[in-house]
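Student: Next input, structure requested:
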Amino acid sequence: MKKKYQAMVLSCMDPRFQPIVFNYLKKKKLTGKYSAFTIAGSAIGVTANKFKKWHKAFWDNIETSIKLHQIKKLIVINHRDCGAAKIINGNKLFDKSNETKIHKDSFKKIKLKFKKKYPKLKIELKLISLKKKIENF
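Tutor: Alright, predicted model coming up:
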């Protein structure tokens with residue numbers, strides 16, 4: 001019997017967030033039911049021009065996950081205190097407002113491209129803090 005996968009999860013490589021992401025997905029009863037793609041900045045890493053060389057790897061991976069695992073949705077998990085967001089921000093003041101705007105922009109870009117390529121699939125956009133506070137976008 002073929003195993004039923006439900007989602008692909010895009011998350012950041014930051015080691016501080018690995019247990020937070022794992023526990024979040026476990027709580028959602030997704031253990032063993034998702035493909036994982038982990039890259040610096042999560043959605044920022046696959047949408048920002050600064051990281052353009054990484055974009056194709058993500059889209060190739062999601063295409064493969066759809067073909068092999070018949071996933072039904074993409075779950076994007078960005079996080080607060082994000083180093084990639086700081087890089088994108090440059091030398092400007094980096095505060096919660098600037099960071100939120102960078103995350104929102106990355107969510108908007110990934111959602112637009114994802115829905116264009118895969119209109120029948122769902123997408124969830126999450127921003128998680130070190131204190132495990134989850135914001136939905």
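Student: Isn't Leu25 up against Val9?
Tutor: Yes: look at Leu25 against Val9 with C-beta atoms under 8 Å: they come within range, at 6.5 Å. For every residue, glycine as well, the C-beta is placed using N, CA and C.
Student: May I see the buried residues of the helix or strand encompassing Asp60?
Tutor: Assigned by DSSP states H and E, Asp60 belongs to helix 52-69. Buried residues in helix 52-69, counted by 16 or more other C-beta atoms under 10 Å: His55, Phe58, Asn61, Ile62, Ser65, Ile66, His69.
Student: nearest to Lys109, of the residues you listed?
Tutor: His55 (10.1 Å; C-beta to C-beta).
Student: Please verify my assumption that Tyr48 contacts Cys82.
Tutor: Slight slip there: residue 48 is Ala, not Tyr. No: with contact defined as C-beta under 8 Å, Ala48 does not count as touching Cys82 (11.2 Å).
Student: What does Ile134 show for phi and psi?
Tutor: Note on Ile134: its backbone torsions stand at phi -110, psi 130 [degrees, to the nearest 10].
Student: Hmm, Asn23 and it touching each other?
Tutor: No: using C-beta under 8 Å, Ile134 makes no contact with Asn23, being 11.3 Å away.
Student: list residues touching both of Ala48 and Cys82?
Tutor: Gly41 (C-beta atoms under 8 Å, 6 or more residues apart in numbering).
Student: Many thanks, we can stop here.
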